[in-house]
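> no sequence for this one, just the structure:
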């Protein structure tokens, strides 16, 4: 049985690797490296599904440049008073939806498990990424990452990036 | 280090893409498109693991044609009285077990997270797909999908396809 | 858009297949086959994240040869008094970190859902694999598998391999 390739295989695997490195960075708490997954001009949004599907603009987090991402990292690691927790990302069903004009539109389901000190691991946040990926100096970067999450309830606060 | 390919790489990725599109369709509630992932003659079963492993026939859901899948979509979207919920699928460990006589036997672990309005996301159903995939008019379709789930308990009812 | 391959594609997919077969073996309770995923001289550790990150040696489980893995299987299936449960593994974000001197260093996030008889499925254990993979008689095997889990709490006991 012959396959009908819809995409350059090496590019598909390179996108896969981008997501693997992204979640490894977050889950290993290397937050200082997180902004470098994005282009200088970029969009990062964390938005409830209900708003996303109705076209309502309100987001839980919304950043519009790598500088704003660096500010967030600073506040998360230096100033925000919070109880630390581990995150563990699971990404599944990654799709390259379109490739046009140098922009790769990707989508994937994600799930984040949270573990607080002396507590059991628990389901924290899940939803779908709607992302734009571009190549910059040879490397794939997110020009946009929109994480649309299913539950309008968030247990305690959402501190770290998703 | 050289690899020992067990399968045509493009076909492997095409199967991967089939699952990604399948779960995207369900999780985005495009239920009308769900039957088109199947061949006209098809099998769709949702079965408790205990019955599956003992060879007992009883299933929670069992359909035998695309027409029956369309009936299910109609009842789910039009007639079944139920509290709506979001589903979020995670698929992992996809295996192409055999390719013979135009039939690709595939297996994969799956997990479905459910989110009800104004509630936290929760683990809803998990198990393993035992599927048969064939090519029809150039596109991969499920000739059979058997979702074998681990827990004989289902919180409330299982309304939407898995 | 051209990809910049970082790895032999066939090898990447072969590693992916190794993990898929590994979790299928465990989740289908074929514990007798589990040691054969390892080389004769091997390391298997299950370690809390806090110890791993601080360089502390204490592990929940620690085995140093295929013989010790076989002993564990014997005790799990024959002598350990425990309430049986199903496991369901989800693996995500698999990375081939380095390939050097015939050793493939891999990492991946994992999550295990547990289902006890007459109970709902529940999140049981999650963390990250830090593994060494080698080729032996043509087949990929684990020379080392270190499962580092996020929560220092384990609900009841951890009986089966992860």
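Nice, I can see it. Worth saying up front: this structure is predicted, and the values here are computed from it rather than measured. Residues are numbered from 1 along each chain as shown, chains lettered A, B, ... in the order given.

> What is the neighbour count of residue A:23?
Neighbouring residues of residue A:23 were enumerated by other Cβ atoms under 10 Å in any protein chain shown; the total is 22. Using the backbone N, CA and C atoms, a C-beta is placed for each residue, glycine as well.

> Which residue, other than its chain neighbours, is closest to it?
With sequence-adjacent residues excluded and distances taken as Cβ to Cβ, 6 or more residues apart in numbering or on different chains, residue A:23 is closest to residue A:89, at 3.7 Å.

> Is that neighbour located within a strand, as I assumed?
Yes: Residue A:89 forms part of a strand when assessed by DSSP: H, G, I helix; E, B strand; the rest coil.

> my read: it touches residue A:21, true?
No: using Cβ atoms under 8 Å, residue A:89 is not in contact with residue A:21; the gap is 11.4 Å.

> More neighbours: which of these two?
A side-by-side neighbour count of residue A:89 and residue A:21, using other Cβ under 10 Å, places residue A:89 first with 22 against 15.

> that older thread, tell me the contacts of the residue nearest to residue A:23?
Contacts for residue A:89 (Cβ atoms under 8 Å, 6 or more residues apart in numbering or on different chains) come out as A:23, A:26-27, A:110-112, A:162, C:92-93, C:109.

> Among the residues you listed, name the ones in strands.
Among the contacts of residue A:89, the ones falling in strands (DSSP state E) are A:110-112, C:92-93, C:109.

> restrict these to contacts with chain B.
Taking Cβ under 8 Å from any Cβ of the partner chain as the test, chain B is in contact with A:111, C:92 out of the ones in strands among the contacts of residue A:89.

> Let's have the ones in strands among the contacts of residue A:89 in a markdown table, adding neighbour count and pLDDT.
Formatted as a markdown table, these follow (neighbours: other Cβ atoms under 10 Å in any protein chain shown; pLDDT from 0 to 100):
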| residue | neighbour count | pLDDT |
| --- | --- | --- |
| A:110 | 24 | 98 |
| A:111 | 26 | 98 |
| A:112 | 23 | 98 |
| C:92 | 24 | 98 |
| C:93 | 23 | 98 |
| C:109 | 24 | 98 |
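
> Who are the packing partners of the helix ranked longest in chain A?
Looking across chain A with DSSP state H, the single longest helix is helix A:9-27. Helices and strands touching helix A:9-27, by 3 or more Cβ pairs under 8 Å, 6 or more residues apart in numbering or on different chains; DSSP states H and E, are strand A:85-100, strand A:103-116, strand A:139-149, helix B:9-27, helix C:9-27, strand C:85-100, strand C:103-116.

> And for the following helix or strand past the fifth one, what's in contact with it?
On the C-terminal side of helix C:9-27, the nearest following helix or strand under DSSP states H and E is strand C:38-48. Strand C:38-48 is contacted from outside by C:58-66, C:68-69, C:132, C:134, C:136, C:141-149, C:151-152, C:158, C:161-162, using Cβ under 8 Å, 6+ apart.

> Leaving aside the residues adjacent along the chain, what's closest to residue A:19?
Among residues not flanking residue A:19 along the chain, residue A:91 sits closest, at 5.2 Å (Cβ to Cβ, 6+ apart).

> any idea how far residue C:53 is from the one you found?
To residue C:53, residue A:91 is 23 Å away according to Cβ to Cβ, to the nearest Å.

> ditto for residue A:32
Following Cβ to Cβ, the distance that separates residue A:32 from residue C:53 is 17 Å.

> and the nearest residue to residue A:62 once chain neighbours are set aside, how many neighbours?
Spatial nearest neighbour of residue A:62, chain neighbours left out: residue A:45 (5.0 Å); criterion: Cβ to Cβ, 6+ apart. Counted by other Cβ under 10 Å, the residues lying close to residue A:45 total 18.

> cool, residue A:54 as well?
By the criterion of other Cβ under 10 Å, residue A:54 has 9 neighbours.

> does chain C sit close to the strand or helix carrying residue A:131?
According to DSSP H and E, residue A:131 maps onto strand A:122-136. Yes: counting by Cβ under 8 Å from any Cβ, chain C is contacted by strand A:122-136 at A:122-123, A:135.

> Span of stretch A:49-68 from start to end?
End-to-end distance of stretch A:49-68: 23 Å, with Cα to Cα, to the nearest Å as the criterion.

> List the buried residues of it.
Under the neighbour-count criterion of 16 or more other Cβ atoms under 10 Å in any protein chain shown, stretch A:49-68 has A:49-50, A:52, A:59-60, A:63, A:65-66, A:68 buried.

> out of those, which are inside strands?
Using DSSP E, the members of the buried residues of stretch A:49-68 that fall within strands are A:63, A:65.

> The buried residues of stretch A:49-68 also near chain B: which ones?
Subset of these in contact with chain B: residue A:49, counting by Cβ under 8 Å from any Cβ.

> just curious, which of the buried residues of stretch A:49-68 is nearest to chain B?
Among the buried residues of stretch A:49-68, residue A:49 lies closest to chain B (Cβ to the nearest Cβ), at 6.9 Å.

> so the closest one makes contact with residue A:150?
Yes: checked against Cβ under 8 Å, the pair residue A:49 and residue A:150 is within contact range at 5.3 Å.

> shared neighbours of those two, anything?
A:127, B:86.

> circling back: check the residues of strand A:122-136 next to chain C against residue B:128 and report the nearest one.
Lowest distance from residue B:128 to the residues of strand A:122-136 next to chain C (Cβ to Cβ) belongs to residue A:123, with 20.2 Å.

> now that closest one, which residues is it bridged with?
Taking DSSP bridges as the rule, residue A:123 bridges to residue A:113.

> Could you check the pLDDT of it?
What the model reports as pLDDT for residue A:123 is 96.

> From residue B:149, how far off is it?
From residue A:123 to residue B:149 the distance is 18 Å (Cβ to Cβ).

> Same question for residue A:80.
Noted for residue A:80: a distance of 40 Å to residue B:149, by Cβ to Cβ.

> ok, those two, which is more surrounded?
Neighbours were counted for residue A:80 and for residue B:149 using other Cβ under 10 Å; residue B:149 has more, 27 against 12.

> what pairs with that one across the strands?
Bridge pairing for residue B:149 (DSSP bridges) gives the partners residue B:48, residue B:127.

> And residue A:132, by the same measure?
Residues in beta-bridge contact with residue A:132 (DSSP bridges): residue A:105, residue A:144.

> Got the confidence number for it?
Per-residue confidence at residue A:132 stands at 98 (pLDDT).
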